[in-house]
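> fold the stuff below for me.
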Amino acid sequence: MVSFSPHPQEFFTGQRRLLLTPLAEKAKYLQAIGVEQIVLLPFNAELAALTPPDFVEQILVRGLQAQRISVGKDFRFGQGRSGTITDLQQLAAPYGITVEVAPLYLDHDGRISSSRIREALRQGDIAQANQLLGRPYQLVGEVVTGRQLGRTIGFPTANLKLPEDKFLPCCGVYSVWVSAAEEQNHPGVMNIGYRPTVEGQQLTVEIHLFDWSGDLYGHTLTVSLVHFLRPEQKFPSLEALKAQIQQDCDQARRGLNPSCEIIGPTP
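Down below sits the predicted model:
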């Protein structure tokens, strides 16, 4: 698979583009469907200035020695995105390169795109985002040391360090399934936000695993988002926060497993 790094939009705007699937996460998904190698073309001023014929000759023929190419129906290439699929087919033909065109994925609202997925995540519409993705939206990161406030109120949390270019959904509380090397699909709740009740200053991603005891520091967790429970809010006291977290956990348990028994917080 051939892609660009950085994202062309990031190159032209000069602004960091947050990704639904950062490179390491994307590589995992691609490997699962049989992709054996990822080639990242450095997107710079030189590459952006290549005309469609030069792109085909220099990049596809000389650089990659392509024999067959598969692109999406809306693929454009070359300076100013001036090259069309028809251009690609005509330019590649003299080199004996065939071009296959993959159709767009559509639903009742039109094209399924990353823009629609991003907007659903911004709105906390996890069901819509997951439906468009065809899988749960996931956060993959390493457990690092936090303030350990959750332990003092009966809800210990794992603080997740995510790739800096990972796109996050809106701040709030989510029901999730969590997997690690030794543990698969463990239920829990996740909070994304600034912890206004305790005057937090930085955005954090914290996971509370139901009925769990053990050391997760240094472990990599894969968190699959299931439901958006509520937006982040400031509570008048830690006791009020604790009561709300218990309600969040009860709601999450029912949503993740409607037949489960509601029990108290993990000590």
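> what segments of the stretch 101-250 of the chain are strands?
106-107, 110-111, 138-144, 158-161, 172-179, 186-193, 204-209, 220-231 (DSSP state E, counting those that start in this stretch).
> between these, which one is nearest to residue 26?
strand 138-144 (10.8 Å; C-beta to C-beta). (Glycine included, C-beta is placed from N, CA and C.)
> so which bits of that closest one are buried?
Applying a neighbour-count criterion of 16 or more other C-beta atoms under 10 Å, the buried positions in strand 138-144 are 138, 139, 140, 141, 142, 143.
> what of stretch 1-10?
4, 7, 10.
> and the strands of the stretch 101-250 of the chain as TSV, adding distance to residue 80 and mean pLDDT?
Converted to TSV, the strands of the stretch 101-250 of the chain look like this (distance: least, C-beta to C-beta, whole Å; pLDDT from 0 to 100):
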stretch	distance to residue 80	mean pLDDT
strand 106-107	27	92
strand 110-111	22	92
strand 138-144	35	96
strand 158-161	39	94
strand 172-179	40	96
strand 186-193	38	95
strand 204-209	39	94
strand 220-231	38	96
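> tell me which of the ones you listed sits nearest to residue 71.
Of the strands of the stretch 101-250 of the chain, nearest to residue 71 by C-beta to C-beta is strand 110-111, at 15.5 Å.
> parallel or antiparallel, list what pairs with the closest one.
strand 106-107 (antiparallel) (DSSP bridges).
> residues contacting the partner strand, please?
By C-beta atoms under 8 Å, 6 or more residues apart in numbering, the list of residues contacting strand 106-107 from outside reads 112, 132.
> which one of the buried residues of stretch 1-10 is nearest to residue 87?
For the buried residues of stretch 1-10, the nearest to residue 87 is residue 4 (18.5 Å; C-beta to C-beta).
> in the stretch 51-200 of the chain, which spans are helices?
Here the stretch 51-200 of the chain has its helices, by DSSP state H, counting those that start in this stretch, at 52-54, 85-92, 114-122, 126-133, 149-152.
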